[in-house]
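Enquirer: pasting the sequence and the predicted coordinates here, then a few questions.
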Amino acid sequence: MTISENLTQIIKNIPSNVKLVAVSKTKPVNDIKEAYDWGQRLFGENKALEMRDKYLVLPKDIQWHFIGHLQSNKVKYIVPFVSMIHSVDSLKLLQEIEKEAKKCNRIVDCLLQISLSDEETKFGMNKQEAEKLLSSDGYLNMKSVNLCGVMGIGSITNNKEQTRKEFSFLTQVFLYLKHKYFSNNNEFKEISMGMSDDFQIAIEEGSTVIRIGSTVFGQRNYNI
């Protein structure tokens, strides 16, 4: 199937209130352009310089979502144009985003990355660390970042009940933080969870943003 056919199939199977981020990491510009011509506007990348290079040559109405681990020294490359950063996992990183956004006279939408598993390769905060960030003077004085919700990455597993449990946990963390820190903020509304293998479970558990790569673009070649 073509990229356009894949997108048509996915859109048929997700509710209208769920956003689809087409994960285009490692994929060539021509593939992104095919998805764009179909009508897709949200694309996800996990490397700052790759995202910047694609931004420079692709249509400017694309909404770029950064979904990978973001190093503080790479923030400056994406803040001028990024639509949303999904992977804020520390106050230090959020402060760097704030600093660079202020330089660009922008307010950057961000999600707090919450750890859903014990895998050491996964980044993210636990609930207590998220609360500490949200209570800190460093965060409370920020003017150039806008926290819009939470993001999580499920374990790589065939155990659907484990996946469901992790996604349910993220929704519970979202509801807790919403009630305690954002009860009067309508913009804190996003739960970014679910990828090609588990997005249907994620939607059932409350996801508002799914991040799908291989089901849109085909299997990835990491040797390019």
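Expert: Done, it's in.
Enquirer: strands along this structure, start to end?
Expert: Ranges of strands in the chain, per DSSP state E, are 19-23, 42-45, 63-66, 84-88, 108-113, 145-151, 190-192, 209-212.
Enquirer: mean confidence for the fifth one?
Expert: pLDDT averaged over strand 108-113 equals 98, rounded to a whole number.
Enquirer: going forward, count from 579.
Expert: All set: I'll call the first residue 579, so the last point we hit is now strand 686-691.
Enquirer: give the contact list for the residue nearest in space to the middle of the chain.
Expert: In the chain, the centroid-proximal residue (Cα atoms, centre = their mean) is residue 664; its distance is 3.3 Å. Taking Cβ atoms under 8 Å, 6 or more residues apart in numbering, we find residue 664 in contact with 622, 643, 644, 645, 688, 689, 691, 729, 770, 787, 789. C-beta here means a position set from N, CA and C on the backbone, and glycine is covered the same way.
Enquirer: likewise for residue 793?
Expert: With Cβ under 8 Å, 6+ apart, residue 793 has these contacts: 584, 588, 774.
Enquirer: let's see it at 6 Å
Expert: By Cβ atoms under 6 Å, 6 or more residues apart in numbering, the contact set of residue 793 is residue 774.
Enquirer: for the protein, which helix is longest?
Expert: Longest helix in the chain by number of residues (criterion: DSSP state H): helix 738-759.
Enquirer: just the angle between that one and strand 686-691, please?
Expert: Helix 738-759 runs at 130 degrees relative to strand 686-691, counting by axes from the mean of the first three to the mean of the last three Cα atoms, to 10 degrees.
Enquirer: avg pLDDT for helix 738-759?
Expert: On average, helix 738-759 scores 97.
Enquirer: next, the buried residues of it.
Expert: Using 16 or more other Cβ atoms under 10 Å as the test for burial, helix 738-759 gives 741, 742, 744, 745, 747, 748, 749, 751, 752, 755, 756, 759.
Enquirer: same deal with stretch 582-597?
Expert: Going by 16+ other Cβ under 10 Å, stretch 582-597 has these buried residues: 584, 585, 588, 592, 596, 597.
Enquirer: how about the nearest residue to the first one, chain neighbours excluded?
Expert: So that's residue 584. residue 794 (5.2 Å; Cβ to Cβ, 6 or more residues apart in numbering).
Enquirer: pretty sure the one you found contacts residue 602?
Expert: No: using Cβ atoms under 6 Å, residue 794 is not in contact with residue 602; the gap is 8.2 Å.
Enquirer: these two - which one has more neighbours?
Expert: Taking other Cβ atoms under 10 Å, residue 794 and residue 602 do not tie; residue 602 has more neighbours (28 against 25).
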